[in-house]
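> Test case, fold it:
(chains A and B)
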Amino acid sequence: SQQGEEDPQALSIQEGENATMNCSYKTSINNLQWYRQNSGRGLVHLILIRSNEREKHSGRLRVTLDTSKKSSSLLITASRAADTASYFCATAQGTDKLIFGTGTRLQVFP
Amino acid sequence: EPEVTQTPSHQVTQMGQEVILRCVPISNHLYFYWYRQILGQKVEFLVSFYNNEISEKSEIFDDQFSVERPDGSNFTLKIRSTKLEDSAMYFCARAGTSGRGAYNEQFFGPGTRLTVL
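Numbers count the residues shown, from 1 in each chain, chains lettered A, B, ... in the order given. Have a look, this model is predicted:
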């Protein structure tokens, strides 16, 4: 499989529920980043976690990183309809490029 | 932090034609990137540009592609002879103020949708 695979591919929840998305990768990384993309729009940077960090918070977002398992998770707590978007993880491996995953499409119903 | 702006928002062209996509970052940034996203697929790295030179490029970035910063402000991606498979969203990004994008966050523009007929 490829670097940066998210699961699930799609997730539907009700407002107020928590949403958890997972990302797995293959090679060692400098950092892992999560981005949001609304339909047909640009990518919005959400959070960056470095390889020596295990957990990071930003508002309603919580990101974990397990380098031994080469995986990360993004938790959105108390979801809102406005959180409806695609979420991508991207890994930085020491060069300039980010390698993006396949994304999770999140639908939050009001 | 503010993002970059991109023009045009949508470009329609005939196969074989040249297109130039523009990115307008804040002038004092040094690291820029182009990515593309074919409809329904993942975002793919094309090229990184530092201090007016290409620092890294992917296998997608073949001889049909070129980048430059002609006036020290606009950052352009040129596709010399477009193919149907070049149809995609093209995103420009800049590194965060803390430095190089692979070690820090990247800030993306809204994208240019390129349609090749």
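
> now the end-to-end length of stretch A:36-53.
Counting by Cα to Cα, to the nearest Å, you get 21 Å between the two ends of stretch A:36-53.

> I should have written stretch B:54-65 there, sorry.
Where stretch B:54-65 begins and where it ends lie 12 Å apart, using Cα to Cα.

> can that stretch be found next to chain A?
Yes: counting by Cβ under 8 Å from any Cβ of the partner chain, chain A is contacted by stretch B:54-65 at B:55, B:56, B:58. Bear in mind the C-beta positions are built from the backbone N, C-alpha and C, glycine included.

> which parts of that stretch are buried?
B:55, B:56, B:57, B:58, B:61, B:65 (16 or more other Cβ atoms under 10 Å in any protein chain shown).

> so where do the strands sit in chain A?
A:5-7, A:10-14, A:19-24, A:31-37, A:43-50, A:55-58, A:61-66, A:71-76, A:85-92, A:98-100, A:104-109 (DSSP state E).

> can you count the residues close to residue A:20?
When neighbours are counted by other Cβ atoms under 10 Å in any protein chain shown, residue A:20 registers 15.

> Would you check how far apart the nearest residue to it once chain neighbours are set aside and residue A:37 are?
Distances taken as Cβ to Cβ, 6 or more residues apart in numbering or on different chains put residue A:75 closest to residue A:20, at 5.1 Å, once the chain neighbours are dropped. Here residue A:75 is placed at a distance of 18 Å from residue A:37 (Cβ to Cβ, to the nearest Å).

> Compare these two (neighbour count), which wins?
Set residue A:75 next to residue A:37 and count neighbours by other Cβ under 10 Å: residue A:37 wins out with 22 against 14.

> before we move on, the earlier item: ok, now which ones touch the residue nearest to residue A:20?
A:18, A:19, A:20, A:61, A:62, A:63, A:64 (Cβ atoms under 8 Å, 6 or more residues apart in numbering or on different chains).

> so where's chain B uncertain?
Along chain B, the parts satisfying pLDDT under 70 run over B:1-3, B:26-28, B:97-103.

> ok, so of the buried residues of stretch B:54-65, who is nearest chain A?
Distance to chain A across those (Cβ to the nearest Cβ) is lowest for residue B:56, with 4.6 Å.

> Could you check how far that closest one is from residue B:67?
12 Å.

> cool, residue B:13 as well?
Taking Cβ to Cβ, one finds residue B:13 at 18 Å from residue B:67.

> Out of the residues of stretch B:54-65 next to chain A, which is nearest to residue B:81?
For the residues of stretch B:54-65 next to chain A, the minimum distance to residue B:81 (Cβ to Cβ) is 18.9 Å, reached by residue B:58.

> got the residues of chain B near chain A?
Counting by Cβ under 8 Å from any Cβ, chain B sits next to chain A at B:3, B:31, B:33, B:35, B:42-45, B:48, B:50, B:55-56, B:58, B:89, B:91, B:93, B:100-111, B:113.

> Closest to chain B out of the contacts of residue A:75?
residue A:63 (12.9 Å).

> What separation do you get for the residue nearest to residue A:20 and chain B?
19 Å (Cβ to the nearest Cβ, to the nearest Å).

> and that residue, what are its bridge partners?
Note on residue A:75: beta-bridge partners residue A:20, residue A:62, judged by DSSP bridges.

> just to revisit the earlier point, please convert the residues of stretch B:54-65 next to chain A to a markdown table, extending it with secondary structure.
As requested, the residues of stretch B:54-65 next to chain A are exported to a markdown table (DSSP: H, G, I helix; E, B strand; the rest coil):
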| residue | secondary structure |
| --- | --- |
| B:55 | strand |
| B:56 | strand |
| B:58 | coil |
